[in-house]
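S.K.: Sequence first, predicted coordinates after that:
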Amino acid sequence: MSDDKLILVVDDDPDLVESVSMRLENDGFRVVKAYDGVEAWDRIKEEKPQMLILDVMMPRKNGYELCDEIKKDDQFKDITVLLLTAVADAVPSTTYTHMDGKTTLADDFIPKPIDLDNLMEIVRDNL
Amino acid sequence: MAKVNIKGLKISGELCLVRLRAASRDSSLLPVFCSTLAGSQLNMPFLSAAYRAGGIQAAGCVDVAHQASLKRLLDAEPLLQKHVEYIPGVGLLTLFPHQSSMKLFGLSLRALAQANLPVFALASSIGALTYVLDYARIEKAAAVLQAQFKLAGNHAPFRVEFVVSQGTQSRPGNSE
């Protein structure tokens, strides 16, 4: 059971947002959606989700920046952040990944292209 | 009447449209067309294909910089030569979310038609509705749709800021 957990899905690809959201809803989660990092911050403040599924490359504010801002904010730092990343060298044994000189803190990583069954395992493991 | 809400619009960079049209339902045409495109290793931000009662119709778009490469590849395939046409100077205008909304589809198509903006191709997916339009008039088309729908206040910019592509090259201003 999902216990009505609220998950915010953030990606600038509308098809990815819809497909991930549909799978989460089918498994009993509540879902809100955003299409870039700036809009995501608005949704976080309004909806206070328990988890973010967050793309890295997005307009206006990328996933690394948003993740760091969330983790530095006392009000929101406990939100679980799963970073969608195509980065081959993401290190699953730590909470850090590295790309283009940027280091960010996330609770876990979901490799792209997304395997929805794998996604659901990672979501459940982190809630 | 209240306007239909949308979350955003996206405008691609300039693209070249290639269309496959055949009156017959020759079953080998579409696989040859698709496999040739796939083998080209060119990124395609748009692709649609359909068998219809009247025959086969397919459409794909590549970055305008790859137009010559695409033409060289497809023209080398004898089966396709009589059935392929190229339309340079097009762009993609994408509305989202779509979620199979016939109302969104009808209102947007009517608005484009009333503004005398030709639609070369279109495709819908679970998340988005995409029109292939004249690139020179794509800003006008975006304005027409903005007037038709209620856009979210804090929407992302219409123009794509970066491109993610398979391969080694990436250029700003083109769609993913």
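M.R.: Here it is on my side, so go on.
S.K.: The longest strand anywhere in chain B packs against which elements?
M.R.: Counting residues, the longest strand found in chain B (DSSP state E) is strand B:84-96. If you count contacts as 3 or more Cβ pairs under 8 Å, 6 or more residues apart in numbering or on different chains; DSSP states H and E, strand B:84-96 packs onto strand B:8-11, strand B:15-22, helix B:67-75, strand B:129-134, helix B:138-148. (Glycine included, C-beta is placed from N, CA and C.)
S.K.: What residues does the residue of chain A found nearest chain B make contact with?
M.R.: Using Cβ to the nearest Cβ, the closest approach of chain A to chain B is made by A:Pro14 at 3.3 Å. Applying Cβ atoms under 8 Å, 6 or more residues apart in numbering or on different chains to A:Pro14 gives the contacts A:Tyr35, B:Lys7, B:Gly8, B:Thr94, B:Phe96, B:Pro97, B:His98, B:Ser125, B:Gly127, B:Ala128.
S.K.: Could you save those as TSV and add columns showing neighbour count and pLDDT?
M.R.: Below are the contacts of A:Pro14 laid out as TSV (neighbours: other Cβ atoms under 10 Å in any protein chain shown; pLDDT from 0 to 100):
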residue	neighbour count	pLDDT
A:Tyr35	28	91
B:Lys7	21	91
B:Gly8	22	91
B:Thr94	23	96
B:Phe96	24	94
B:Pro97	23	90
B:His98	21	88
B:Ser125	18	89
B:Gly127	23	91
B:Ala128	23	95
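S.K.: and those as CSV, adding distance to B:Ala49?
M.R.: Compiled in CSV, the contacts of A:Pro14 are given as follows (distance: Cβ to Cβ, whole Å):
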residue, distance to B:Ala49
A:Tyr35, 27
B:Lys7, 27
B:Gly8, 26
B:Thr94, 18
B:Phe96, 22
B:Pro97, 23
B:His98, 19
B:Ser125, 14
B:Gly127, 19
B:Ala128, 17
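S.K.: What parts of chain B come near chain A?
M.R.: By Cβ under 8 Å from any Cβ of the partner chain, the residues of chain B that approach chain A are B:7-8, B:94, B:96-99, B:125-128, B:152, B:154-157, B:160-162, B:164, B:176.
S.K.: circling back to that earlier point, A:Thr85: which of the helices and strands packed on strand B:84-96 is closest?
M.R.: strand B:8-11 (22.0 Å; Cβ to Cβ).
S.K.: now for the closest one, which elements pack on it?
M.R.: In this structure, strand B:8-11 packs against strand B:84-96, helix B:138-148, with contacts taken as 3+ Cβ pairs under 8 Å, 6+ apart.
S.K.: Name the stretch among the ones you listed that sits most buried.
M.R.: Among these, ranked by average contacts under mean count of other Cβ atoms under 10 Å in any protein chain shown, first place goes to strand B:84-96 (a mean of 20).
S.K.: strands paired with it, and their directions?
M.R.: Pairing partners of strand B:84-96, with direction, according to DSSP bridges: strand B:8-11 (antiparallel), strand B:15-22 (antiparallel), strand B:129-134 (antiparallel).
S.K.: how far does the first one sit from the chain's center?
M.R.: Here the centre of mass of C-alpha atoms in strand B:8-11, compared against the chain's by Cα atoms, centre = their mean, to the nearest Å, lies 13 Å away.
S.K.: Can I get stretch A:56-69 in PDB? Just the C-alpha atoms.
M.R.: Output in PDB follows, covering the C-alpha atoms of stretch A:56-69 (Å, rounded to 0.1, in the frame of the first residue of the first chain):
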ATOM      1  CA  VAL A  56      18.400  16.600 -14.300                       C
ATOM      2  CA  MET A  57      18.300  18.600 -17.600                       C
ATOM      3  CA  MET A  58      15.500  21.000 -17.500                       C
ATOM      4  CA  PRO A  59      15.000  24.700 -18.500                       C
ATOM      5  CA  ARG A  60      15.300  27.600 -16.000                       C
ATOM      6  CA  LYS A  61      16.400  25.400 -13.000                       C
ATOM      7  CA  ASN A  62      18.000  22.000 -13.500                       C
ATOM      8  CA  GLY A  63      17.600  19.000 -11.300                       C
ATOM      9  CA  TYR A  64      21.000  19.400  -9.500                       C
ATOM     10  CA  GLU A  65      20.200  23.000  -8.500                       C
ATOM     11  CA  LEU A  66      16.700  22.200  -7.300                       C
ATOM     12  CA  CYS A  67      17.900  19.100  -5.400                       C
ATOM     13  CA  ASP A  68      20.600  21.200  -3.600                       C
ATOM     14  CA  GLU A  69      18.100  23.900  -2.800                       C
END
